[in-house]
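Student: sequence and computational prediction follow.
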Protein chains: 2
Amino acid sequence: MNDSISSTFAALADPTRRAILARLALGETSVTKLAEPFEMSMPAVSKHLRVLERAGLITRGREAQWRPCKLKAEPLREAAGWLDEYRQFWEQSFDRLDEYLQRLQTEAKQKHASEPKGTQSNNKEKVHGRDNQ
Amino acid sequence: MNDSISSTFAALADPTRRAILARLALGETSVTKLAEPFEMSMPAVSKHLRVLERAGLITRGREAQWRPCKLKAEPLREAAGWLDEYRQFWEQSFDRLDEYLQRLQTEAKQKHASEPKGTQSNNKEKVHGRDNQ
DNA sequence: TGGTTATGTAACTAATTAGTTAAATAAACT
DNA sequence: AGTTTATTTAACTAATTAGTTACATAACCA
């Protein structure tokens, strides 16, 4: 498991490391600041940072006694590229869900035409969830 | 590490499991068929399948003595959604690379105007690599 | 020079992972 | 009923991971 994409996914599989990346998305910062939100020793955080560094997700500079960490998004781009090849599959299932919901809607209308308009398409948007993740 | 996205990324961190998903993208198939390309015992493959199943990336049916595996892309959609929040970062660095390459081009033109046209923008596309990953 | 602050390394532990072989289950075939 | 085929479970091992505490390094500050 020394290929680039494996070490990227492995690095992303830990919530602490994802939180660190989220913090770094707000800007470069020191190890101590990064460690603050976690109930965990500094060496533990240091180890997480090394994992992120090995995966190429961060770089570390030097500024006096601080080692500011900086997000490097290139491996994330690779990972997104890998996932993108499967996009058709989740979009396909949404298409089927759309059909299903539309059929439900049609059947409901046929049974009793009193259902207020717009309700179904609202549900559809929520289930899709493309905008609010 | 029992949250959905962590177990998804962890499942994707192994090349064997990614290869299994790639195979399943071509269609539902049996455990034995899935195991064929790998120099690895059946129980090992079986364990990989359990990891994928736990992550919700596959489901297993029953058809006589076969247990056909089927790709479920929903967790991939979640993972892609998580990554997408970082899209601006890799696009941003590309923007900077664009600027850099454009500056190189401009400087090269100023030094000796004999550089054939179109070469630089070709390089730019290759470095972007949005189409050929 | 000596103290403080920021960070990394060493050595250890417990839990998890990825593999193995051998045995169990379950359905089909004769 | 007995055999073959497909798959899973059990029991084990070696390697890796995520954490700990104690110590080391390195730069600044008085």
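Tutor: Everything's here; your move.
Student: where do the strands of chain A begin and end?
Tutor: Secondary structure of chain A (DSSP state E): strands at A:58-60, A:69-71.
Student: point out where chain A drops to low pLDDT.
Tutor: A:93-133 (pLDDT under 70).
Student: repeat the analysis, applying 80 as the threshold.
Tutor: A:1-2, A:92-133 (pLDDT under 80).
Student: domain ranges for it, per the record?
Tutor: Chain A breaks down by automatic domain parsing into domains covering A:4-82, A:87-128.
Student: quote the end-to-end distance of the longest one.
Tutor: So that's domain A:4-82. 12 Å (CA to CA, to the nearest Å).
Student: now check stretch A:26-35, is it near chain B?
Tutor: No. Judged by CB under 8 Å from any CB of the partner chain, stretch A:26-35 stays clear of chain B, getting no closer than 11.2 Å. Every residue, glycine included, has its C-beta placed from N, CA and C.
Student: could you confirm whether that stretch reaches DNA strand D?
Tutor: No. Under the criterion of CB under 7 Å from any atom of the strand, stretch A:26-35 makes no contact with DNA strand D; the nearest approach is 9.8 Å.
Student: please identify the buried residues of that stretch?
Tutor: Within stretch A:26-35, the residues scored as buried using 16 or more other CB atoms under 10 Å in any protein chain shown are A:29, A:31, A:34-35.
Student: anything in that stretch near DNA strand C?
Tutor: Yes. Stretch A:26-35 comes into contact with DNA strand C (CB under 7 Å from any atom of the strand), by way of A:30-33.
Student: need the max-distance pair from the residues you listed.
Tutor: Greatest spatial distance in these: A:Val31 and A:Lys33, 7.4 Å, computed using CB to CB.
Student: can you list the buried residues in stretch A:1-12?
Tutor: A:5-12.
Student: spell out which parts of chain A neighbour chain B.
Tutor: A:1, A:3, A:5-7, A:9-10, A:12-15, A:18, A:21, A:25, A:71, A:73-74, A:76-87, A:89-90, A:92-93, A:133.
Student: out of the residues you listed, name the ones that lie in helices.
Tutor: Of the residues of chain A next to chain B, the ones assigned to helices by DSSP state H are A:5-7, A:9-10, A:12, A:15, A:18, A:21, A:25, A:74, A:76-84, A:87, A:89-90, A:92-93.
Student: filter these down to the ones close to DNA strand D.
Tutor: Within these, those near DNA strand D by CB under 7 Å from any atom of the strand are A:Ala10.
Student: so who does the nearest residue to A:Ala10 once chain neighbours are set aside touch?
Tutor: Closest residue to A:Ala10 apart from its sequence neighbours, by CB to CB, 6 or more residues apart in numbering or on different chains: B:Ala13 at 3.9 Å. Taking CB atoms under 8 Å, 6 or more residues apart in numbering or on different chains, we find B:Ala13 in contact with A:1, A:6-7, A:9-10, A:13.
Student: for those residues, give me JSON lines that also has distance to B:Leu49.
Tutor: JSON lines is the format used below for the contacts of B:Ala13 (distance: CB to CB, whole Å):
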{"residue": "A:Met1", "distance to B:Leu49": "18"}
{"residue": "A:Ser6", "distance to B:Leu49": "18"}
{"residue": "A:Ser7", "distance to B:Leu49": "23"}
{"residue": "A:Phe9", "distance to B:Leu49": "18"}
{"residue": "A:Ala10", "distance to B:Leu49": "19"}
{"residue": "A:Ala13", "distance to B:Leu49": "18"}
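Student: can you give me the distance of A:Leu52 to DNA strand C?
Tutor: Counting by CB to the nearest atom of the strand, to the nearest Å, the gap from A:Leu52 to DNA strand C is 11 Å.
Student: so which of the domains of chain A gets nearest B:Ala44?
Tutor: Comparing the domains of chain A by CB to CB, domain A:4-82 comes nearest, at 16.9 Å.
Student: now for the closest residue to A:Thr32 other than its chain neighbours, how many residues are close by?
Tutor: With CB to CB, 6+ apart as the criterion, A:Thr32 has its nearest non-adjacent residue at 7.5 Å, and that residue is A:Met42. Per other CB atoms under 10 Å in any protein chain shown, the neighbour tally for A:Met42 reads 12.
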